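J.: Next one to model:
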Amino acid sequence: MTKRPRVLDLFSCAGGAGMGYHWAGFAVDGCDIADRPRYPFAYHRGDALEYLAHLITTGEIEEYALVHASPPCQAGCGLTVGTNESQGWGGPHTDLVAPTRELLDASGLPYVIEQPNGRAAIRKDVTLCGEMFGLGVLRHRNFELGNWSTAKPAHPRHRGYVRGHRHGVRREGPYVAAYGKGGGKATVPEMQDAMGITWTDVHTELTEAIPPAYAQWIGTAFLTARQEVLA
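T.: Take a look at the predicted model:
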């Protein structure tokens, strides 16, 4: 039986990325500072950057083929900048992207940093959208790829609006808003169905998750690129 390559899933939340890497063929280890009893894989509770530094110092990081990191995004995401920021909804947030990248570079491993659209200071090497996978959410996410690369996929045209109220206008559409509450936002079962997440029904975990299909695409692209290098 072929041994699965390992991926370290930092800032793992409930495992949206982790499940996608699992589908792509990885063994997954997660790390998050919060208790995540629904995380479906091996899991370390603690500060993700402290844990990564520990793995680098001890050499245990060498057990991994890839590191995925989704550092807190509130400092630069669309929900806390622009109009929302002007309304006082943003508030102060810690930006962990730079220190995360610094440690990932120190690890010497290929890595992925994931962030939503907004002001997050990452390269947008790959941008993924729910429409690429026939999902019921748009949920655009950007990915910076360190120490490896892949072709950037084409972004298909959206089929319509996201259902709900926005700027005083109510619209119907093929996608649901998987964040917040009220105003036509998705219910928990709608979010689960739209993103392909079945193992958690916690509202906050669903609103923070990326659809597993995104990480499955990233993981498959990485394994393909690695095989091409080895060939």
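
J.: if I look at Tyr64, how far off is Thr58?
T.: From Tyr64 over to Thr58 the distance is 13 Å, taken as CB to CB, to the nearest Å. C-beta: built from backbone N, CA, C; applies to glycine.

J.: Leu135 too?
T.: Relative to Thr58, and taking CB to CB, Leu135 is found at 39 Å.

J.: okay, Tyr64 and Thr58: which has more neighbours?
T.: Tyr64 (20 against 9; other CB atoms under 10 Å).

J.: For stretch 114-124, buried residues please.
T.: Buried residues in stretch 114-124, counted by 16 or more other CB atoms under 10 Å: Glu114, Gln115, Pro116, Asn117, Gly118, Ala120, Ile122.

J.: Scan the chain for its longest helix.
T.: helix 212-230 (DSSP state H).

J.: and that helix, what does it pack onto?
T.: Where contact means 3 or more CB pairs under 8 Å, 6 or more residues apart in numbering; DSSP states H and E, helix 212-230 is packed against helix 16-24, strand 66-69, strand 111-116, strand 126-128.

J.: Show me how far that helix is from its chain's centre.
T.: 15 Å (CA atoms, centre = their mean, to the nearest Å).

J.: Kindly report the same for stretch 162-173.
T.: With CA atoms, centre = their mean, you get 25 Å for stretch 162-173.

J.: any idea of the mean pLDDT in that stretch?
T.: In this model, stretch 162-173 has a mean pLDDT of 91.

J.: ok, and the helix or strand in this structure with the lowest average confidence?
T.: None of the helices or strands of the chain scores lower by mean pLDDT, DSSP states H and E than helix 83-86, at a mean of 44.

J.: ok, then the element right after that helix?
T.: Per DSSP states H and E, the first helix or strand lying C-terminal to helix 83-86 is helix 97-107.

J.: Let me see the mean pLDDT of that following helix.
T.: Helix 97-107 comes out at a mean pLDDT of 97.
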